[in-house]
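>>> Compute the structure for the input listed below.
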Amino acid sequence: MFCPIGGITLSSDFVCTTPSGRVLNVNTGVYYKDIQPAIDNANSGNTLIVFLGTFIETEDIIVNKSLTITGLSALNTVVDFPT
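Numbers count the residues shown, from 1 in each chain. The predicted structure is shown next:
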């Protein structure tokens, strides 16, 4: 895992719990499990980060406001629309 310069060393008993959602609204700090609900609940001008993984979408993703949507990794973030 990437560790920035000047990072801290954690004790061996440190427990890290990852968020339950896979899409983060940076402006509100709210996590969502899927992309469309994150878009629907975002305000114009918000930034969404889509985390690693494959998102299977059964319907079109509709963006009807001005947002910045970025994947955490171009190689490891996949949005799949099966036919």
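>>> With N41 as the reference, measure out to the residue nearest to L72 when sequence neighbours are not counted.
The shortest distance from L72 to any non-neighbouring residue, by CB to CB, 6 or more residues apart in numbering, is to F51 (5.1 Å). All C-beta atoms are positioned from the backbone trio N, CA, C, and that covers glycine. Distance from F51 to N41, counting by CB to CB, to the nearest Å: 17 Å.
>>> Compare these two and say which is more crowded by neighbours.
F51 (17 against 13; other CB atoms under 10 Å).
>>> which stretch of helix or strand covers P37?
helix 35-41 (DSSP states H and E).
>>> what's the pLDDT at L72?
pLDDT recorded at L72 is 81.
>>> give the contact list for it.
By CB atoms under 8 Å, 6 or more residues apart in numbering, the residues touching L72 are I49, V50, F51, L52.
>>> hmm, 10 Å instead?
R22, L24, I49, V50, F51, L52, G53 (CB atoms under 10 Å, 6 or more residues apart in numbering).
>>> And the pLDDT at the first one?
With respect to pLDDT, R22 has a value of 89.
>>> Run through the residues that contact it.
Taking CB under 10 Å, 6+ apart as the test, what R22 contacts is 31-35, 38, 49-53, 55, 72, 77.
>>> What about I35, how many residues nearby?
I35, neighbours per other CB under 10 Å, totals 18.
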